[in-house]
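J.: Sequence first, predicted model second:
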Amino acid sequence: MKEDWILKQQDQIASGCPFCIENGKVNILSETEGAYLVEALQGPGFYLIIPKQHIESLLDLPAYWQTCVADLLRHIPEIQAGKHFNLSYNQGHVAGQRVSHVHAWVIIRSDSEVEETRHLGLASLISNPNKQAANAP
């Protein structure tokens, strides 16, 4: 249940985790009961949606998580303006997860991207390392 998940948040804070609010390293743009939205260090057009509870695996996320993600997507100005975006997760170090606290990447796509990367999904961009997105929201 949603309420059980929220109550567990207080008990699951990883010491030193940069995504745990209580460690004071997160600049929150918006939040729901179970998650918050931050701008990623990569700059404009890159966001993270992070559960408030310290969860290391996507498989441990509660069903309520999808509602949190949908609610926070509506708070991103570029999405409000109708921009297209990619939503992505990395699970495990080999898959590119650098912080052991689940987080969803939101990457705003732009019509001003170079022709080779426009209209490509993340899988296409990743499978062809010679084509890199010029993200310009």
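T.: Right, received. Where do you want to start?
J.: Let me know the average pLDDT across stretch 93-106.
T.: Averaged over stretch 93-106, pLDDT sits at 89.
J.: got a list of contacts for it?
T.: Residues from elsewhere that reach stretch 93-106 (Cβ atoms under 8 Å, 6 or more residues apart in numbering): 14, 17-20, 40, 46-51, 54-58, 60-61, 69, 73, 76, 79, 85-91. The way it works is simple: take the backbone N, C-alpha and C, and place the C-beta from them, glycine included.
J.: now the end-to-end length of it.
T.: In stretch 93-106, first residue to last residue: 19 Å (Cα to Cα, to the nearest Å).
J.: Filter the contacts of stretch 93-106 down to the buried ones, PyMOL style.
T.: Buried members of the contacts of stretch 93-106, defined by 16 or more other Cβ atoms under 10 Å, are picked up in PyMOL with:
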select buried, resi 14+17+19+20+46+47+48+49+50+51+54+55+56+61+69+73+76+79+85+90
